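**Q** Structure for the following, please:
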Amino acid sequence: MTSRKQEKYELILEAALKVIAENGYHGSQVSKIAKEAGVADGTIYLYFKKKEDILISLFQEKLGSLVERFNARVRETSSAEEALRAVCEIHYSELESNVNLAYVTQIELRQSSLELRKAIGLAVKPYIELIEHILDKGVREGEFRPDLDLKLTRLLLFGAMDEVVTSWLISGMKYSLTAQVGKTVEFFLRGLK
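**A** A predicted model of the protein is given here:
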């Protein structure tokens, strides 16, 4: 994609994020997204075949860049405990600083069709796998219990962070999400060690 096309693509995705967060996926017409992006309705269809493709691309792009940040930060850590803390910090701080993304990932994903959830699940998979790699490292290096079921534990950790973000949104964001990192990681570590 040329840089101009890439810019327009990203502009459309940012507009979609805002429109979907404000109106819900089902209440977000392509025309609303186009208007927010400042492009003609037909321009959207040059980049996406249908509205579902916009949401899938949104998850792939946003979660893809988030996973890149997770991986970069984890490479800088020296222990599994430190890596787990880094992942939790990024997870909470990124969603706290981008409420539209938090709303779309926490609320809209659960209201989508099965087909759409499967496609979005593929975008989430690298994140879940990263958590599993951290757990595996912790077990191999003796930081975490050797009897951990890695596949189950990765889901429990992801699910717990996911629920903290959802509760924060539902509460009307009345407290700091990033202030919950320490207590969350402490809770995890008590079960992992």
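
**Q** Report the contact partners of the nearest residue to Leu135 once chain neighbours are set aside.
**A** Excluding the flanking residues, the one nearest Leu135 by Cβ to Cβ, 6 or more residues apart in numbering is Leu150, at 5.2 Å. All C-beta spots, glycine's among them, are computed from the backbone N, C-alpha and C. Residues near Leu150 by Cβ atoms under 8 Å, 6 or more residues apart in numbering: 132, 135-136, 139.

**Q** Please identify which helix or strand holds the residue nearest the centre of the chain.
**A** When Cα atoms, centre = their mean is applied to the chain, the residue found nearest the centroid is Leu63 (4.9 Å). For Leu63, the element it lies in under DSSP states H and E is helix 51-75.

**Q** how far does that helix sit from the chain's center?
**A** 7 Å (Cα atoms, centre = their mean, to the nearest Å).

**Q** what packs against that helix?
**A** On a contact count with 3 or more Cβ pairs under 8 Å, 6 or more residues apart in numbering; DSSP states H and E, helix 51-75 meets helix 3-23, helix 30-37, helix 80-97, helix 114-140.

**Q** After the shortest one, which helix or strand is next?
**A** Toward the C-terminal end, the helix or strand that comes next after helix 30-37 (DSSP H and E) is helix 41-47.

**Q** Okay, buried residues for that following helix please.
**A** 44, 47 (16 or more other Cβ atoms under 10 Å).

**Q** cool, stretch 117-126 as well?
**A** 119-120, 123-124.

**Q** For the residue nearest to Leu135, give its distance to Ala86.
**A** 19 Å (Cβ to Cβ, to the nearest Å).

**Q** quick one on the thing from earlier: how far off helix 3-23 does the helix holding Leu63 point, in degrees?
**A** 100 degrees (axes from the mean of the first three to the mean of the last three Cα atoms, to 10 degrees).

**Q** Could you check the angle helix 51-75 makes with helix 114-140?
**A** 10 degrees.

**Q** and the angle for helix 51-75 with helix 30-37?
**A** Using the same axes, to 10 degrees: helix 51-75 against helix 30-37 is 50 degrees.

**Q** Show me which parts of helix 51-75 are buried, residue by residue.
**A** For helix 51-75, the neighbour count (16+ other Cβ under 10 Å) marks 51-52, 54-63, 66-67, 70, 73-74 as buried.

**Q** Gln180 contacts Val164, correct?
**A** Yes. Using Cβ atoms under 8 Å, Gln180 is in contact with Val164, at 5.8 Å.

**Q** hey, what's in contact with both of these two?
**A** Counting by Cβ under 8 Å, 6+ apart, the residues touching both Gln180 and Val164 are Tyr92.
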